[in-house]
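*Asks:* I'll drop the sequence and a predicted model, then ask my questions.
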Amino acid sequence: MGYAGGAKENPTYHNLGDHTETLQIDYDPSKISYETLLELFWKEHDPTSRAWSRQYQAVVFYHDEEQKRLAVAGRDRMAAKLGKIIYTEVLPYSRFYAAEGYHQKYYLRQHRQILMQFQQHYPQAADLMNSTAAARVNGYLGGYGTSAALETDIDRLGLSGAAREELVERVGNKE
Amino acid sequence: MKNRWMLFILALLGVFGPGRLSDAQDSSSAKTGLPSTQKGLPPIDATVPLNTQTATFALG
């Protein structure tokens, strides 16, 4: 999670300047395509909803011409499909500032026992933020994923003992 | 934030966490690659793909 799109240097949540709240991910294109990510993006927000502040506007920040082409094509398809004005913008990526630590891994931070195990793996906040395991556990704790999916994942997440048991129990309870 | 919801979904799809960046650090100067802690990494973090790309979204 972080901030992008503005000119202010070193923005913070309480001093955001002209930036927009943004998520940035590194992904393996052999496992998931940018097109699939864009499909999720269009599905997860209402592009016909006008943003009343720069902080909360919907934007695709493209990193290269191919991403731009795909994003513009997606926006055009949405416009044709919905027959309404699309307010979601397609803008060139310039800089991304990671948000403060308390904005990262929100659900994981609600579970101290599990969080502590991750902090043992990753004493540095930036490393925790960049951990795929932490991101995935965060997703499970947020209610995404099933017990069956967790069963295939659990041995790869680096959790043991009570923390592992808590994760399994929490996911089971959400189903 | 809506961005969080999408991030959770992406995490379950096998996408990495948010960009490999340090807190409040410009991505152009952030280090990339394996986290600095090498011992006892969660197995899913121990192998980093040779080729990664970056995507940046704001969901309003």
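*Replies:* Here it is on my side, so go on.
*Asks:* Quickly list the domain ranges of chain A.
*Replies:* Chain A breaks down by automatic domain parsing into domains covering A:2-98, A:104-174.
*Asks:* And the residue of chain B that's closest to chain A?
*Replies:* B:P42 (2.6 Å; Cβ to the nearest Cβ). (Each C-beta comes from the backbone N, C-alpha and C, glycine too.)
*Asks:* where does B:V48 land on pLDDT?
*Replies:* We have a pLDDT of 82 for B:V48.
*Asks:* just the one 4 residues further on next, same as before
*Replies:* Reading off the per-residue confidence, B:T52 sits at a pLDDT of 93.
*Asks:* Then A:Y102?
*Replies:* A:Y102 is assigned 89 on the pLDDT scale.
*Asks:* thinking it is in contact with A:R109, fair?
*Replies:* Yes: counting by Cβ atoms under 8 Å, A:R109 is a contact partner of A:Y102 at 7.0 Å.
*Asks:* Of these two, give the one with the bigger neighbour count.
*Replies:* A:R109 (16 against 10; other Cβ atoms under 10 Å in any protein chain shown).
*Asks:* Could you verify my assumption that that one touches A:L115?
*Replies:* Yes: counting by Cβ under 8 Å, A:R109 does reach A:L115; the two are 5.9 Å apart.
*Asks:* Can you pull out the low-pLDDT segments for chain B?
*Replies:* For chain B, applying pLDDT under 70 flags the ranges B:1-39.
*Asks:* and if we set it to 50?
*Replies:* B:17-37 (pLDDT under 50).
*Asks:* What residues sit buried inside the longest helix seen in chain A?
*Replies:* Taking DSSP state H as the criterion, chain A has its longest helix at helix A:65-82. For helix A:65-82, burial by neighbour count (16 or more other Cβ atoms under 10 Å in any protein chain shown) applies to A:Q67, A:K68, A:L70, A:A71, A:G74, A:R75, A:M78.
*Asks:* Stretch A:42-60 now?
*Replies:* Buried-residue list, stretch A:42-60, by 16+ other Cβ under 10 Å: A:W42, A:E44, A:H45, A:P47, A:A51, A:R54, A:Q55, A:Y56, A:Q57, A:A58, A:V59, A:V60.
*Asks:* In helices only, show me those residues.
*Replies:* Within the buried residues of stretch A:42-60, residues falling in helices by DSSP H are A:W42.
*Asks:* now, which of the buried residues of stretch A:42-60 sits nearest A:K8?
*Replies:* A:R54 (10.8 Å; Cβ to Cβ).
*Asks:* Going along the chain, name the helices of chain A.
*Replies:* Ranges of helices in chain A, per DSSP H, are A:34-43, A:65-82, A:112-121, A:125-130, A:132-141, A:147-153, A:161-174.
*Asks:* Could you list which of the buried residues of helix A:65-82 also contact chain B?
*Replies:* Contacts with chain B within these, as defined by Cβ under 8 Å from any Cβ of the partner chain: A:Q67.
*Asks:* how about the buried residues of helix A:65-82 in CSV, adding pLDDT?
*Replies:* As requested, the buried residues of helix A:65-82 are exported to CSV (pLDDT from 0 to 100):
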residue, pLDDT
A:Q67, 98
A:K68, 98
A:L70, 98
A:A71, 98
A:G74, 97
A:R75, 97
A:M78, 96
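*Asks:* quick one: which of the buried residues of helix A:65-82 is nearest to chain B?
*Replies:* The shortest approach to chain B among the buried residues of helix A:65-82 belongs to A:Q67, at 7.4 Å (Cβ to the nearest Cβ).
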